[in-house]
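J.: model this:
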Amino acid sequence: MTIRITRRTAFGLAAGAIASPLVAREGFAQAYPNRPVTVIVPFGAGGSTDVIGRIVGERLQQRLGQGFIIENRAGAGGNVGVAALARSANDGYTIGMTTISNHGINPILYRERLPFKPIEDFEFLSLSSAQPNFMCIHPSIPAKTLPEFIAYLKANPGKENFGSSGIGTSIHLSAELFMQLTGTKLIHVPMRSSAALVQALINGEVKLSFDNFTSPYPHYKAGSIRGLAVTSAQRAKIAPEIPPLAETLPGFDITSWNGFLAPKGTPKEICDRLTQALRDSLSEPSVVSRFEEMGAASTPSTPDEFKAKSLSEMAKFDEIITKAGITLQN
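T.: Take a look at the predicted model:
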């Protein structure tokens with residue numbers, strides 16, 4: 001039997017063949033997600049990254065109709081969890097968070113020992129929040145303003161110390177940048193955690209800290225410690241009376257930020273859907289206000305903006321770390 005195909009039929013078949021992958025992809029994206037999604041948070045439960053992840057996860061669940069289940073995988077400054085995300089299946093059912101540590105500082109600090117490639121191993125979805133560090137001193141220091149404190153340190157080189165929650169944290173590097181820009185010298189006292197750091201500052205064991213805003217803020221309000229500045233370029237809405245360091249030290253800008261990633265190769269249609277859901281969720285007034293209560297700002301972004309942020313942060317911290325001569329102990 002001979003089958004005749006007219007020119008019109010041929011064009012129709014060709015058009016269908018071209019369109020079918022597009023239809024399949026569109027249908028694939030529309031069907032996503034059809035089961036719960038795991039969200040890897042690379043820090044322990046109760047910390048600021050975990051809290052942000054849970055707030056956003058609830059909104060994603062409402063928007064996309066499936067559970068977004070938080071899985072805390074802490075360790076090595078967040079590297080354990082981010083490395084686990086890089087190794088996960090790229091089907092859209094495992095996404096995760098990263099922070100200034102994992103996509104800004106640790107690539108410089110760990111270099112070839114970093115257990116993932118910060119750019120090549122991931123699909124960037126959206127930034128989520130940014131929070132300044134809070135420069136606080138013990139009340140025994142005879143300075144009420146940042147210029148007075150700088151003058152005091154210059155008159156007493158090497159006399160005072162500063163605390164951090166560990167070598168290479170944004171808290172530590174904020175102090176290093178401060179010393180580099182002011183020509184002052186302080187002794188570094190690493191602590192086990194942010195909670196231990198705040199207690200050491202209240203007790204006077206350390207005289208200065210650049211802790212993440214949330215931890216020292218209640219003690220500043222109670223008068224136990226003295227707040228001098230925030231490390232962001234702008235004032236924090238929760239404490240507008242506190243000036244940014246940049247007003248005295250132009251160019252000083254360090255914020256503790258986080259964002260959402262997917263494993264490399266996750267289909268673009270799924271990434272686009274996740275990015276839009278994230279941006280919509282992060283723009284909700286209730287989410288914005290929740291973040292502001294924590295001293296943070298909601299920062300929805302495009303994937304390209306997120307990637308550019310990571311690259312610029314790595315360049316900034318490379319300069320700070322190299323100039324300070326910071327290395328990890330084997």
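J.: who's in contact with T275?
T.: Residues in contact with T275 (Cβ atoms under 8 Å, 6 or more residues apart in numbering) are 125-126, 302-303. For the C-beta atoms, the positions are set from N, CA and C on the backbone; glycine is no exception.
J.: need the max-distance pair from those.
T.: Spanning the widest gap among the contacts of T275 are L125 and T302, at 9.5 Å by Cβ to Cβ.
J.: residue boundaries of the strands in the stretch 151-300 of the chain?
T.: For the stretch 151-300 of the chain, the strands defined by DSSP state E, counting those that start in this stretch occupy 161-164, 187-190, 208-212, 226-230, 255-263, 297-298.
J.: columns distance to A196, mean pLDDT and mean neighbour count on top of the ones you listed, output as CSV?
T.: Converted to CSV, these look like this (distance: least, Cβ to Cβ, whole Å; pLDDT from 0 to 100; neighbours: other Cβ atoms under 10 Å):
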stretch, distance to A196, mean pLDDT, mean neighbour count
strand 161-164, 8, 97, 23
strand 187-190, 10, 96, 15
strand 208-212, 11, 95, 28
strand 226-230, 19, 98, 23
strand 255-263, 18, 97, 26
strand 297-298, 27, 96, 20
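J.: on that earlier part again, most neighbours out of the contacts of T275, which is it?
T.: In terms of neighbours by other Cβ atoms under 10 Å, the contacts of T275 top out with L125 at 28 neighbours.
J.: please report phi then psi for that residue.
T.: Phi and psi for L125, reported as degrees, to the nearest 10, are phi -100, psi -70.
J.: thought it was touching R279?
T.: No: using Cβ atoms under 8 Å, L125 is not in contact with R279; the gap is 9.1 Å.
J.: and the spatially most central residue of the chain, bridged to which residues?
T.: Centre of the chain computed as the mean C-alpha position; nearest residue by Cα atoms, centre = their mean is N258, 2.1 Å away. Applying DSSP bridges to N258 gives these bridge partners: T99, S129.
J.: what residues are up against it?
T.: 49, 52, 97-100, 127-129 are the contacts of N258 under Cβ under 8 Å, 6+ apart.
J.: ok, now A229?
T.: Counted by Cβ under 8 Å, 6+ apart, A229 has contacts 135, 146, 242-245, 247-248.
J.: hmm, try it at 10 Å
T.: Each residue near A229 by Cβ atoms under 10 Å, 6 or more residues apart in numbering is listed here: 132-136, 145-146, 149, 178, 210, 235, 242-249, 252.
J.: report the buried residues of the helix or strand in which V39 is found.
T.: Using DSSP states H and E, V39 falls within strand 37-41. Buried residues in strand 37-41, counting neighbours by 16 or more other Cβ atoms under 10 Å, are found at 37, 39-41.
J.: same question, stretch 315-329
T.: 316-318, 320-321, 324, 326.
J.: can you check stretch 41-58 too?
T.: Using 16+ other Cβ under 10 Å as the test for burial, stretch 41-58 gives 41-43, 47-53, 55-57.
J.: determine which two of the residues you listed are furthest apart.
T.: For these, the farthest-apart pair by Cβ to Cβ is P42 and I55; their separation is 16.7 Å.
J.: where along this protein do the helices fall?
T.: Taking DSSP state H, the helices of the chain run over residues 7-31, 48-64, 79-86, 100, 106-109, 146-155, 170-182, 194-203, 217-222, 268-282, 285-293, 303-324.
J.: tell me how far the third one is from the chain's mean position?
T.: Same thing as helix 79-86. How far helix 79-86 lies from its chain's middle: 14 Å, per Cα atoms, centre = their mean, to the nearest Å.
J.: what residue ranges in the stretch 101-250 of the chain score low on pLDDT?
T.: Residues of the stretch 101-250 of the chain meeting the criterion pLDDT under 70: none.
J.: circling back: can you list the buried residues of strand 37-41 in TSV and add distance to V206?
T.: TSV is the format used below for the buried residues of strand 37-41 (distance: Cβ to Cβ, whole Å):
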residue	distance to V206
V37	41
V39	35
I40	33
V41	28
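J.: closest one to G158 out of the buried residues of stretch 315-329, please.
T.: For the buried residues of stretch 315-329, the residue nearest G158 by Cβ to Cβ is A324; the value is 15.5 Å.
J.: can you name the residues that contact the closest one?
T.: Shown in contact with A324 (Cβ under 10 Å, 6+ apart): 172-173, 175-177, 179-180, 188.
J.: now those: which count as buried?
T.: Buried members of these, scored by 16+ other Cβ under 10 Å, are 172-173, 175-177, 179, 188.
J.: what's the closest residue to L173 other than its chain neighbours in contact with, if anything?
T.: Nearest in space to L173, with sequence neighbours left out and distances taken as Cβ to Cβ, 6 or more residues apart in numbering, is I320 at 5.4 Å. By Cβ under 10 Å, 6+ apart, the residues touching I320 are 105, 108, 172-174, 176-177, 180, 254, 326.
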